[in-house]
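Undergrad: quick one: sequence and predicted model below, then my questions.
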Amino acid sequence: FYSWGLFTDEGFLYAAGASGLYRISQDGTVWEQLIDGSLNSMGRQDIYLKRFAKGADGDFYGIYTNYDKAHLFRYYFDETADAVPAQTLTIYALRDHATVRQAAAIFQKENPGIRVDYRIAVEDPREAVSEDVIRALNTELLNGGGADILILDGLPAEIYKKKGILADLSGTLSDMRASLLPNMLSNYLDEEGKCYYLPARVMTPVMFGSRAGCEALTSLDKMASYAGDTPLFAPDLYENILRFTAYTCYEEIFEPSGKIRDGALLRWLLAVKSAGGRGQAKTSFNESEMDRLSVDNSVFLDGFARQCDYNLALGRSSAAAELLTSLDDVMLPFAAVEMLSCEVPVSGLKKTFAPSVAAGINASSGNQEAAGAFLRVLFGDEVQRESLGDGFAVRTDSLESWADMEKDISTSTSMRGTDVRLEGKWPDRQKRENIIGIVRLASVPAAVDESILQIVADGSKAYFEGTESAEQAAEAIGNKLQLMYSERE
């Protein structure tokens, strides 16, 4: 019951959280839902429950905070309201997104007659999405089914667009187009100016460290030939380094369609093996290695976790990068740069951004009007101005307002057996404006396909272990990728 508000009253134990209010009797075995959080403010992602209680009048009261403000909400039974709204708007996503939940809570309050049914294919954020999940969705969509709104992160959005699965959003977002980040927006308009899907958030990779190291992070050739005194990469799994470099060298590796460029796969494998090997990378670590190198065998979906500020501060890598999802993420990078007086300060990475919460409307949906209204909430300022941990705002006015964010927070990190402690604090206004400037200028979408990454990671293991050549691995991986491309198209 982490983050839940628990209290007792008249022989019942109550539990309040984002999904609603529940109770169970003293001798009971089944929880009863009293309030559905998806139908009211309990589902909002920008406020945090501090206390929930039952009043003397039988109503319920919740106290919420969002850093500098407190809010009191009253929940009561309305005899005139429908217990279940007559209309349902369905939203499908491979993974959960706080921004979608925030938009759903706001939309639900504005449209009490429409229930938002948010369906998530993979609940565990650490679990890989299988191609079977995508294949099943593709079949449903091609047969005219599927959810009203599709969150396209991890899905073949361009293929859906070509097959007519996605509706034109030009009319839906016409009055908002001038408010959206122009460098981001231009990537999602076709020759006629039509738009079929659009990210509601952007994540921004930044790099920092030595000049030679930063140059090697963003070039396969320089990565392969890197010979600095300090390894380019800190100890890590080869799979994580593959995932990491998929972002840092995105344009060199991938076509705009998301497919791997001809000849790039072999160069990619060779570069990761060369630079990763110097940093003691492995396909897996045994217990002795984990203890000696202070690593484990965790795989991170974007690969960024270990090539980070702290390993740079320890001198285990010559450069570091971070995939920023909010201003909270820059506290330790700035601290590392100041501690080491880095040649390259926190800087944008080739104007790259990672699209997040990419939304489109199913062309076969019978709820086009409601779906359009939801997207206007999703891209509206009330959602966009909030920092929810899944990316930066894509509205210019909302993003600029983030420069005014003030938080009295700090963070620190250290490692057993070392005397290095990295302490970061909330960035001052100039630093906030620097990061917002990087986001505003980002113009190259790095839409890394999770299924492609998994095929490359699985197919390269034997090469990294030394039991087959890079050429053999690249050929086998290429054959599997071609089969996947064919099935999707």
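TA: Happy to help now that I have it.

Undergrad: just to check, Leu270 is in contact with Glu471?
TA: No. Counting by CB atoms under 8 Å, Glu471 is not a contact partner of Leu270; they are 9.8 Å apart. C-beta coordinates here come from the backbone N, C-alpha and C atoms, glycine included.

Undergrad: higher neighbour count, these two?
TA: Leu270 (18 against 12; other CB atoms under 10 Å).

Undergrad: check whether that one sits in a helix, strand or coil.
TA: Under DSSP: H, G, I helix; E, B strand; the rest coil, Leu270 falls in the helix class.

Undergrad: just the pLDDT for it.
TA: The model reports Leu270 with a pLDDT of 98.

Undergrad: from the contact counts, what lies against the strand or helix carrying Gly372?
TA: Using DSSP states H and E, Gly372 sits within helix 368-378. If you count contacts as 3 or more CB pairs under 8 Å, 6 or more residues apart in numbering; DSSP states H and E, helix 368-378 packs onto strand 87-93, helix 98-110, strand 149-151, strand 352-361.

Undergrad: wait, which of the ones you listed is closest to Gln368?
TA: Nearest to Gln368, of all the helices and strands packed on helix 368-378, is strand 352-361, at 6.7 Å by CB to CB.

Undergrad: how far does stretch 319-338 stretch from start to finish?
TA: This stretch, stretch 319-338, spans 14 Å end to end (CA to CA, to the nearest Å).

Undergrad: next one: it to chain centre, how far?
TA: With CA atoms, centre = their mean, to the nearest Å as the basis, stretch 319-338 stands 16 Å off its chain's centre.

Undergrad: do you know how far the residue lying closest to Ser364 once chain neighbours are set aside is from Lys163?
TA: Nearest non-adjacent residue to Ser364, counting by CB to CB, 6 or more residues apart in numbering: Gly144, 4.5 Å away. Note on Gly144: its distance to Lys163, by CB to CB, to the nearest Å, is 12 Å.

Undergrad: the two: which is more packed in?
TA: Using other CB under 10 Å as the criterion, Gly144 and Lys163 rank with Lys163 on top: 15 against 11.

Undergrad: which ones are touching the more buried one?
TA: Residues in contact with Lys163 (CB atoms under 8 Å, 6 or more residues apart in numbering) are Leu142.

Undergrad: quick one, phi/psi of it?
TA: Main-chain torsions, Lys163, degrees, to the nearest 10: phi -90, psi 0.

Undergrad: so what's the residue count around Glu215?
TA: So Glu215, with other CB under 10 Å, has 15 neighbours.

Undergrad: tilt between the helix or strand encompassing Gly437 and strand 352-361?
TA: According to DSSP H and E, Gly437 maps onto helix 429-441. Here the directions of helix 429-441 and strand 352-361 differ by 60 degrees (axes from the mean of the first three to the mean of the last three CA atoms, to 10 degrees).

Undergrad: contacts for helix 429-441, please.
TA: So helix 429-441 is contacted by 181, 183, 202, 204, 206, 324, 327, 330, 334, 346-348, 351, 353, 392, 396, 399-400, 402-403, 405, 427 (CB under 8 Å, 6+ apart).

Undergrad: so which of these belong to helices?
TA: Among the contacts of helix 429-441, the members falling in helices are 183, 334, 396, 399-400 (criterion: DSSP state H).

Undergrad: pLDDT added to those, as CSV?
TA: What follows is the ones in helices among the contacts of helix 429-441, written out as CSV (pLDDT from 0 to 100):
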residue, pLDDT
Asn183, 96
Phe334, 97
Thr396, 97
Leu399, 97
Glu400, 97
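
Undergrad: which one among those gets closest to Pro445?
TA: Nearest to Pro445, judged by CB to CB, of those is Asn183 at 10.2 Å.

Undergrad: residues contacting the residue nearest to the closest one when sequence neighbours are not counted?
TA: Sequence neighbours aside, Ser443 is the residue nearest to Asn183 in space, at 3.9 Å (criterion: CB to CB, 6+ apart). By CB under 8 Å, 6+ apart, the contact set of Ser443 is 183-184, 186-187, 351, 353.
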